[in-house]
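Peer 1: Here is a sequence together with a model predicted from it:
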Amino acid sequence: MLKQLSVFIENEIGSLAKITSVLRKNGINLRAISAFDSPEFGIMRMIVDKPQITKEILTGKGFVVRITEVLAIELEDKPGDLDRVLHIISAAGLGINYIYSFVIRSGKAPLMVINLDNMEKGGQILKANGIKVMDEED
């Protein structure tokens, strides 16, 4: 499992850039990003190379930040592979809270970031079905 940061931000022009500027100024590498909004606020979810340090820095700048665990799974770069994985998850009776893909993979197979209603069970089932589940070292 990987550590993901969820940053709560106001839904206004430039709010995402405020966070990416903090990352850039502190030498933090952004690996994956997803942003969702509502009329008043948004949630920026991201995978970075230094999650705990990033949380401390952003919290110090007044942002509300939460760290959660997510699964990052390696897909084969071929049609239908995500569909195959999603059917394994649904057949196990697991719900998907959200899903997004990695930004940077340097010539490696695509990764999908998934948050499930039972992360431990999900990781076990995916591994049992031959799906590579990444960890921090990967």
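Peer 2: Ah, there it is.
Peer 1: And the chain, split by domain according to the record?
Peer 2: Following automatic domain parsing, one finds the domains of the chain at 2-67, 70-128.
Peer 1: where along this protein do the helices fall?
Peer 2: Secondary structure of the chain (DSSP state H): helices located at 15-25, 51-60, 81-91, 119-128.
Peer 1: Could you pull up the mean pLDDT of the third one?
Peer 2: Looking back up the chat, that one is helix 81-91. Mean pLDDT, computed over helix 81-91, is 95.
Peer 1: So which of the domains of the chain is nearest Glu136?
Peer 2: Among the domains of the chain, domain 2-67 comes nearest to Glu136, with 6.2 Å by C-beta to C-beta. Backbone N, C-alpha and C define where each C-beta goes, glycine included.
Peer 1: Ends of the closest one, what's the gap?
Peer 2: Length of domain 2-67, first residue to last, C-alpha to C-alpha, to the nearest Å: 10 Å.
Peer 1: model confidence over the biggest strand by length in the chain, on average?
Peer 2: Ranked by residue count and defined by DSSP state E, the top strand of the chain is strand 64-74. For strand 64-74, mean pLDDT rounds to 94.
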